[in-house]
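Peer 1: just need the structure, nothing else, for what follows:
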Amino acid sequence: ETVWDKALHTAVGLANFIPSGRGKPKPDDDPLGHVHPITVCHRCRSVGHQHGPNPPVACPECSAAGEEFSSIKLAEPNGFRSAYRPEDYDGDYTRGQRSSAPRITPDRSQMAQVDIGAARAHSGPCDLYFINDNGGSLYRFAPARDKSWIDVDLWKENKESGRFWLPSISENEAREVALGMAKKTDALLVGPRDWPVGLDLLPFDAGRRGAWYSFGFLLRIVATRQLDIGLEELNVGYSVRQVDARPVVDVFLSDQLDNGAGYSTHLGGATELNDLLNGTDDYVARTLARPPHDQCESSCYQCLRDYFNSMYHPLLDWRLGRDLLDLVLGRPLDTGQWEDAEQSLAKSFTEDFEGHPISLDGKVSAVATGSNVLIVRHPFESPTHDDDYYSAPDHPGYHDDDDYDPASGYYDDSASGYYDDSASGYY
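Peer 2: Modelled structure (predicted):
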């Protein structure tokens, strides 16, 4: 719904009109515009061109299948239409869906590669997608007699409510599509060349996903200052690809303009990339790690948040972005910086649920609940499985169930349980 001149206009479908030069404009016979057959992964957010009549059944990047991976039609509409008869605006209306997060299909063989220390970057042209798939349900549009295409679900609802005057449709000719845009532009991809042993950087949960977005928006802040451009000139996202039979994750900055403005390619130069990474490190150390930001629980409008990234606000945490930056710069993950937060999470869990907080070797915070222990861990740390540690009775760290004593902090390591606090990204 859109408010215009004290009237409420509701989008009900697609339409486009072509100037005829004589009288009224001519209706476009196909307002759906260009339709791309693509594959979309909801797990790793990869998108690919669909070639041939038989689409793949699993994601080639992360092997997701079933509901997590689908083959769809992406339509780039030539225009949208309202109900044509506006309603009086009473002060309340439903905002349109927020812009979807950008997705990228990089071809690294066509991009310039630069290695700086532990970081690896690629820059150059790529395909960028914005996809609105209606929450995975897609949209169904059917042609009407006025040559516009009406949303079938809305048309059926209106048939019962009578809220709008809508023309009849040919439902048997309906087409199921996602709405969005595909364009060529420039992009810069940055990530660590190698992952330290014991760490998991795949953005498949809220904590790691938030870390990649936080790292990306940290880079964007510094990049726009160095280039003297607005924040809206660069998009932020992440890319998951299979390279040499192993998963590789990169954050990306891409130009907002079609065909690129040259910003991302410029940032991919050796000197510029070094300045970008060092500038981001300096911004974290000199600004975010000092008062008042050092007291910020996750992020605020003075550090990472802005109007253009509002859809990511629940995920953003400058400390998680800092940790990813450390790995890109070749520094080890410093979990000691999270000790206070871990202790606070363990304590809040016991106050809201059960158990009592304890401290394990290495200043690891945990919650003892009967014969189980819930371990608070950094989202990058790979979870402990049943037989990973202390699995043999002769192991020096082994504890039998009968030995458990909450007061002393002894515990049964064979228990597997994790506390999920998505607001902080900790488990």
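Peer 1: what does the one helix or strand Asp115 maps to rub up against?
Peer 2: In the assignment (DSSP states H and E), Asp115 maps to strand 112-116. By CB atoms under 8 Å, 6 or more residues apart in numbering, the surrounding residues in contact with strand 112-116 are 120-124, 193, 265, 268-270, 273-274, 277. For glycine as for every other residue, the C-beta is placed from the backbone atoms N, C-alpha and C.
Peer 1: which among those residues gets closest to Gln337?
Peer 2: Nearest to Gln337 among those, counting by CB to CB, is Leu277 at 19.5 Å.
Peer 1: mind listing what that closest one touches?
Peer 2: 116, 119, 190, 325, 328-329.
Peer 1: from the chain's centroid, how far away is whatever helix or strand it lives in?
Peer 2: Using DSSP H and E, Leu277 sits in helix 270-283. In terms of CA atoms, centre = their mean, to the nearest Å, the centre of helix 270-283 is found 24 Å from the chain centre.
Peer 1: kindly export the next helix or strand after it (C-alpha atoms) in CSV.
Peer 2: Toward the C-terminus, helix 270-283 is succeeded by helix 318-328 as the next helix or strand (DSSP H and E). Provided in CSV are the C-alpha atoms of helix 318-328 (Å, rounded to 0.1, in the frame of the first residue of the first chain):
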residue,chain,number,x,y,z
TRP,A,318,30.3,-5.1,15.7
ARG,A,319,32.2,-7.5,17.9
LEU,A,320,31.4,-10.5,15.6
GLY,A,321,32.5,-8.3,12.7
ARG,A,322,35.7,-7.6,14.5
ASP,A,323,36.3,-11.3,15.1
LEU,A,324,35.9,-12.1,11.4
LEU,A,325,38.2,-9.1,10.6
ASP,A,326,40.8,-10.6,12.9
LEU,A,327,40.7,-13.9,11.0
VAL,A,328,41.0,-12.1,7.6
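Peer 1: tell me the angle helix 318-328 makes with strand 112-116.
Peer 2: 90 degrees (axes from the mean of the first three to the mean of the last three CA atoms, to 10 degrees).
Peer 1: can you get me a residue count around the nearest residue to Val243 once chain neighbours are set aside?
Peer 2: Counting by CB to CB, 6 or more residues apart in numbering, Val243 lies nearest to Arg108, which is 7.4 Å off, once chain neighbours are set aside. Using other CB atoms under 10 Å, the number of residues around Arg108 comes to 17.
Peer 1: hang on, the earlier thing: the strand holding Asp115 - what's its average pLDDT?
Peer 2: With pLDDT averaged residue by residue, strand 112-116 scores 96.
Peer 1: one more: stretch 363-379?
Peer 2: 92.
Peer 1: quick revisit: between the contacts of strand 112-116, which is nearest Phe215?
Peer 2: Using CB to CB, the contacts of strand 112-116 come closest to Phe215 at Leu277, 10.8 Å.
Peer 1: how much space is there between the closest one and Ala223?
Peer 2: Note on Leu277: its distance to Ala223, by CB to CB, to the nearest Å, is 11 Å.
Peer 1: could I get the biggest strand by length in the chain in PDB with only the CA atoms?
Peer 2: The residue-count maximum for a strand in the chain (DSSP state E) belongs to strand 175-192. These are the backbone C-alpha positions of strand 175-192, laid out as PDB (Å, rounded to 0.1, in the frame of the first residue of the first chain):
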ATOM      1  CA  ARG A 175       2.200 -18.000 -14.200                       C
ATOM      2  CA  GLU A 176       4.100 -18.600 -10.900                       C
ATOM      3  CA  VAL A 177       7.100 -16.400 -10.500                       C
ATOM      4  CA  ALA A 178       9.300 -14.600  -8.000                       C
ATOM      5  CA  LEU A 179       9.700 -10.900  -8.500                       C
ATOM      6  CA  GLY A 180      13.100  -9.100  -8.600                       C
ATOM      7  CA  MET A 181      16.000  -7.900 -10.600                       C
ATOM      8  CA  ALA A 182      19.100  -9.300 -12.200                       C
ATOM      9  CA  LYS A 183      21.900  -7.000 -13.300                       C
ATOM     10  CA  LYS A 184      25.500  -6.800 -14.300                       C
ATOM     11  CA  THR A 185      27.700  -4.800 -11.900                       C
ATOM     12  CA  ASP A 186      31.100  -4.700 -10.200                       C
ATOM     13  CA  ALA A 187      31.900  -6.500  -7.000                       C
ATOM     14  CA  LEU A 188      34.700  -7.000  -4.500                       C
ATOM     15  CA  LEU A 189      34.800 -10.300  -2.500                       C
ATOM     16  CA  VAL A 190      37.000 -10.600   0.600                       C
ATOM     17  CA  GLY A 191      37.600 -13.500   2.900                       C
ATOM     18  CA  PRO A 192      40.300 -15.500   4.700                       C
END
